[in-house]
Each structure stands twice: as C-alpha cells, then as structure tokens.
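> Got a sequence here, can you build the structure:
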Amino acid sequence: MDKKATILVVDDELGVLQSLNMVLKDDYHILLAKTGREAIDIFEQKHKLAKEELKDLKVKLKILEDQSIIEQEVECKESLEEVKKKIKQNEELQKSIKDLNLKLKEEIKPVVRDLSVWADIASRQNTINSLEFSCQCKHQEGCSFDKKIREIRSIIKKEQKGLPTKEDLNQKYDTYKLKVDENNKKWQKAVSCGLELSKDLGAAMAQYQSKKASAEEYEALKANYEAYDYFMRAMSKDGIVRQIISNNLGVINSEIAKILSYGVGFSVFLESNEDGKAIDIFFKHEKSPNRYIELCSGMEKTLAEIAIRAALVNVTTLPRSNIFVLDESFGALDAEYMAGLTRILEYLKTLFETVVIITHEESLKDFVDYIIEVERDESGYSKLS
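Residues are numbered from 1 along each chain as shown. As a prediction, the model looks like this:
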C-alpha cells in the first residue's frame, strides 16, 4: 500500500512548480496548480473522490451485511467443529473395534490351544487304529504293538483329563469367529465413514476459509469506512477546525483586535451563527453598523485577512512557522489605510522572524527592509536582481 503523503503546490510561475516537483516527487505525491482557483478545483475534486470512495465502502459494507457474512462465518465454523467432532468419534469407534478384536484374540487362545490338543488326540487315535489294524493282519496274539498302543492310550487319557469337550470348543470358536467377522464389518463401515467425513472436513474447511476471508474483508472494510468517515467529518468545515475556533473565539477575537488596533480605524470579529455550524466574519466600524466581511472593500478584506491569519498563528499551541508570507495581497491598495497597513506590517515583524511580501506595488518598497527584484530575461526566464 502506497503511504506517500500528498502535497499541493500552488504558484503562477511554471519554473517554480517544476523545481518544487523535481525536489519533492521522490518522497511525496505532487499536485500542481498555477492559480488559487485551480488549487481549489483540485481540492474539491479530491474531496469528491474521497466522498465517492466513502460511498463505495458503504455500499460494499451493506452488501456484506445483507449477506449476513459474520453469521455465515459462525455457522460454517460450527459446521466445521461438528465434522471434526464426528471424525474424532469415528476414530474412537475404530480404535474400540480394534481393541475388542485384540481382546477376543486373547480370549480365544485357550480354545485354540485346547482344539490343538484335540487334534493331537485324534492323530494319536489314528495311530492306535493303524497299529490295531496291523496286529489283526498278522493274526498274532500278543502283538508286539500292544505295548505301544497302551502307551498312546495312556497319553490320550492324560491329555483328555480336564479338557473341555470338542463340541464345546468348536462352539466357542465359531462364536468367536462370528464376533470377529461382525467387528470387522463394523470397522470397515467406520473406515468408509471416516473417508466420507474426511471429504466433508475438506469441504467444510474450504467453506469456512472462504467465509472467514469474507468476514475479515468485512471487518477491514468496516474499520476503513469508520476511519474514513471520522476523518472526513473531522476535516469538514463542521469538523475539528470549526470546533477549535468556536471554543476559542474570545481569544482569537482579542488577538485580531490587538493587531487591528494599530490605527486602521475598524475591527473584525468572528462569531458562530445560530445553529453553530458555521463561523461568520463581521466588520465593525464606529461610523457604520456591523456588516459581513463580504460587503467590505478590497483593502478592508485584505487587512482583515492579514489580522485573522496572524491571530490564528499567534494563538495556536501547535508548532508555528517563523515566516509570514503575503503573496499579491495588495492589489486593492487604498491610500486611506496606508498608514495603518504600515503599522500592522511593523507589528508583524515582532511576531515573525521574517515577513515576505510578494507584490507589484511600487509604493510598498518604502516599508520593507530588503528588496529582491524578480525580472524576466530575454529568454522568458525569471531571474533575481
């Protein structure tokens, strides 16, 4: 974001404008105007653009508010948390199924072991049958296998002692297999459900991020709008400046009266109008009733302007300039007020280190300490002499 400040440069000399633009352009946005009217037009245009931008911000805010974007963000976040909760429950279910299968596996081990014993018994019984068959084939009494058969039967008898029946063991094993198969089906179902929930999580996350971005945009727009709105109202004619001047009219009017007391024969004072939304400037003369400054002569307006400017600078608590510039202020120079003007200029020299007067009036040369003449050479350029 470009944070350069903007400077409006006003001067009727093109060379001055170009020089200042060259010096300042790297650090500031420069606006150039050759006349006061052009400068006011630029300011009004910028003010209009600012108002339009403020209006656009308000429209965007209204759109987002109509969409209930903050409520949507909250809803999406709740949906996202619900999906996460279901995923956690599903993971716990899968774990419980696995744990149950492990438990069943431990419980079935004795059954498997006993079934293995029954298998060994069956194998030995087959051995006995085979040996008995061999004895019968040889038609021998006291067959040599009798001893072996007795040994095997003795082993079988020991193994069968305390051993559950084969039928009970098979029933337990079948029950175990049914439970394992059922758990495996549940686990597969939980896994499938987990995959679907993962997809739902991705969709919910994307939707939440989208709504969150919109909500953040809304909050940023709202903050910008409020800041812009406060700034516009503060900088308007009814803003901070009017309020400060209204609250200090007594001090300002006293300072104006002090400056004009140097022999001009009239005074000027500021006054808030009835609704308090504007400040009027009145001209007061001992020979006439109070009247608006707009109804005064050109020289009276000039002297009033000088007094008001100097008074405002003199009473401010802000850092103040030590230079006071009067640029072509005496086009309506009046002999009636010449002596008073001289005394006011002398007083201004006590308030400011330097008072600069830019004028074409030759008569003012007698009232200044230093003269710098600006002439135009043959090439059309201004030069100092």
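> Spatially central, which residue of this structure would that be?
The chain has A220 as the residue nearest its centroid, 4.2 Å off, counting by Cα atoms, centre = their mean.
> Could you pull up phi and psi at that residue?
Taking degrees, to the nearest 10, you get phi -70, psi -40 for the backbone angles of A220.
> where do the helices sit along this protein?
Ranges of helices in the chain, per DSSP state H, are 14-24, 36-66, 69-138, 146-160, 166-235, 240-247, 249-260, 298-315, 338-351.
> Would you convert the ones you listed into TSV that also reports distance to K3?
Placement of C-beta: from N, CA and C, glycine included. Output for the helices of the chain, formatted as TSV (distance: least, Cβ to Cβ, whole Å):
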stretch	distance to K3
helix 14-24	16
helix 36-66	17
helix 69-138	28
helix 146-160	93
helix 166-235	14
helix 240-247	22
helix 249-260	34
helix 298-315	29
helix 338-351	35
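> Turn the ones you listed into CSV, columns for distance to I371 and mean pLDDT.
Rendered in CSV, the data for these read as follows (distance: least, Cβ to Cβ, whole Å; pLDDT from 0 to 100):
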stretch, distance to I371, mean pLDDT
helix 14-24, 19, 86
helix 36-66, 25, 78
helix 69-138, 67, 82
helix 146-160, 135, 78
helix 166-235, 39, 84
helix 240-247, 36, 81
helix 249-260, 25, 88
helix 298-315, 20, 85
helix 338-351, 14, 83
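> out of these, which comes closest to F330?
helix 298-315 (6.5 Å; Cβ to Cβ).
> Tell me which other helices or strands that closest one touches.
If you count contacts as 3 or more Cβ pairs under 8 Å, 6 or more residues apart in numbering; DSSP states H and E, helix 298-315 packs onto helix 249-260, strand 266-272, strand 279-285, strand 323-327, helix 338-351.
> give me that answer again for 10 Å
Where contact means 3 or more Cβ pairs under 10 Å, 6 or more residues apart in numbering; DSSP states H and E, helix 298-315 is packed against helix 240-247, helix 249-260, strand 266-272, strand 279-285, strand 323-327, helix 338-351.
> Can I get those in a markdown table including mean neighbour count and distance to S68?
Supplementary listing: the helices and strands packed on helix 298-315 in a markdown table, determined by neighbours: other Cβ atoms under 10 Å; distance: least, Cβ to Cβ, whole Å:
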| stretch | mean neighbour count | distance to S68 |
| --- | --- | --- |
| helix 240-247 | 14 | 36 |
| helix 249-260 | 18 | 48 |
| strand 266-272 | 18 | 44 |
| strand 279-285 | 16 | 45 |
| strand 323-327 | 14 | 56 |
| helix 338-351 | 16 | 60 |
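> Which of these sits closest to Q171?
The closest of the helices and strands packed on helix 298-315 to Q171 is helix 240-247. By Cβ to Cβ, the value is 94.0 Å.
> In PDB, list the C-alpha atoms belonging to that closest one.
Only the C-alpha atoms of helix 240-247 are listed here, as PDB (Å, rounded to 0.1, in the frame of the first residue of the first chain):
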ATOM      1  CA  ILE A 240     -12.200  19.900  14.300                       C
ATOM      2  CA  VAL A 241     -11.100  23.200  12.900                       C
ATOM      3  CA  ARG A 242     -14.500  24.900  13.400                       C
ATOM      4  CA  GLN A 243     -14.800  23.300  16.900                       C
ATOM      5  CA  ILE A 244     -11.400  24.600  18.000                       C
ATOM      6  CA  ILE A 245     -12.100  28.100  16.600                       C
ATOM      7  CA  SER A 246     -15.600  28.100  18.100                       C
ATOM      8  CA  ASN A 247     -14.300  27.100  21.500                       C
END
